[in-house]
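Visitor: here are the coordinates; sequence isn't available:
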């Protein structure tokens, strides 16, 4: 009886965590939009928060919920192991087939977990991406506020619509990106970005922007503006 109650508690918690996983997934998909989606919808890249957490934070919460659900699933299988074995034996009579099927299931499961370690993402064609965005962004005047004359927390805020939205939309910065990833993707020195955002040069290039912005009070739009100015000056 005690075991049955414990099983029920585990099942209820699994259901709640599973619904939370779906809810956070929908939140990130339809509410806390990506930079690209915000450019398409608003013509700029504003910061979205829910309860003080941005998209990057909620992605991390989604990951933690996934780990919790996996742990609960392990407990669920453990408590029902004898029942699972009996059903498995009745379903597949051949011992060789059972062993092969079990091994294949474990192997496929491990591959799904481990494959991100062995793959390298491709960098998309920014020219094509910018061309798509520029069809939706309106043309504006050529006046740009000098990045050195404005504090990073005030740069490019509220006036992106009046300053090269079509060109800025080519730049898509996410909080999950590291300084090194941004520097590599847009060919801008990481130290230049740190300097403009008042981040100490000793800060590791592997730090994620989402973490840094809480300490140094900047936004992803600030970073996009810095990159835009740098690229414009290099032309």
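Guide: Okay, I see it. Note that the coordinates shown come from a computational prediction; the quantities given were computed from them, not determined experimentally. Numbers count the residues shown, from 1 in each chain.
Visitor: so which elements touch the longest helix seen in the chain?
Guide: Secondary structure of the chain per DSSP state H: the longest helix is helix 2-30. Under the contact criterion of 3 or more CB pairs under 8 Å, 6 or more residues apart in numbering; DSSP states H and E, helix 2-30 touches helix 55-79. Where C-beta positions appear, they are placed from N, C-alpha and C, glycine not excepted.
Visitor: any buried residues in the helix it packs on, and which?
Guide: Buried residues in helix 55-79, counting neighbours by 16 or more other CB atoms under 10 Å, are found at 55-59, 61-62, 65, 68-69, 72, 76, 79.
Visitor: next secondary structure after it?
Guide: Next in sequence after helix 55-79, counting helices and strands by DSSP states H and E, comes helix 81-91.
Visitor: just want the angle from that next one to helix 55-79.
Guide: Angle, helix 81-91 to helix 55-79, by axes from the mean of the first three to the mean of the last three CA atoms, to 10 degrees: 80 degrees.
Visitor: helix or strand right after helix 81-91?
Guide: helix 95-118.
Visitor: ok, and what's touching that next one?
Guide: 88, 89, 92 (CB atoms under 8 Å, 6 or more residues apart in numbering).
Visitor: which residue is the nearest non-sequential neighbour of the first one?
Guide: Once flanking residues are discounted, residue 88 sits nearest to residue 98: 6.4 Å by CB to CB, 6 or more residues apart in numbering.
Visitor: read off the pLDDT value for the one you found.
Guide: Looking at residue 98, its pLDDT is 89.
Visitor: any idea how far it is from residue 59?
Guide: According to CB to CB, to the nearest Å, residue 98 and residue 59 sit 38 Å apart.
Visitor: re the thing from before, for the longest helix of the chain, which residues meet the burial criterion?
Guide: Result for helix 2-30 [16+ other CB under 10 Å]: buried residues 10, 14, 17, 21, 24, 27, 28.
Visitor: now do the contacts for the nearest residue to the third one once chain neighbours are set aside.
Guide: Leaving out its chain neighbours, the residue that sits closest to residue 17 by CB to CB, 6+ apart is residue 69, at 4.8 Å. Residues counted as contacts of residue 69 (CB under 8 Å, 6+ apart) are 14, 17, 18, 21.
Visitor: the first one against residue 72, yeah?
Guide: Yes. At 4.7 Å, residue 14 counts as touching residue 72 under the criterion of CB atoms under 8 Å.
Visitor: for residue 32, which three-state class applies?
Guide: At residue 32 the chain is in coil, as set by DSSP: H, G, I helix; E, B strand; the rest coil.
Visitor: can you list the domain ranges for the protein.
Guide: 2-79, 86-119, 126-234 (automatic domain parsing).
Visitor: any idea how far the shortest one is from the chain center?
Guide: When C-alpha coordinates are averaged (CA atoms, centre = their mean, to the nearest Å), domain 86-119 and its chain have centres 30 Å apart.
Visitor: how much space separates the nearest residue to residue 195 once chain neighbours are set aside from residue 207?
Guide: Among residues not flanking residue 195 along the chain, residue 201 sits closest, at 7.1 Å (CB to CB, 6+ apart). As defined by CB to CB, residue 201 lies at a distance of 12 Å from residue 207.
Visitor: between the two, which has more neighbouring residues?
Guide: Per other CB atoms under 10 Å, whichever of residue 201 and residue 207 has more neighbours is residue 207, with 16 against 8.
Visitor: does that one really touch residue 178, like I thought?
Guide: Yes. Under the criterion of CB under 8 Å, residue 207 makes contact with residue 178 at 6.3 Å.
Visitor: what's the closest non-adjacent residue to residue 77?
Guide: Using CB to CB, 6+ apart, the closest residue to residue 77 is residue 84 (6.6 Å).
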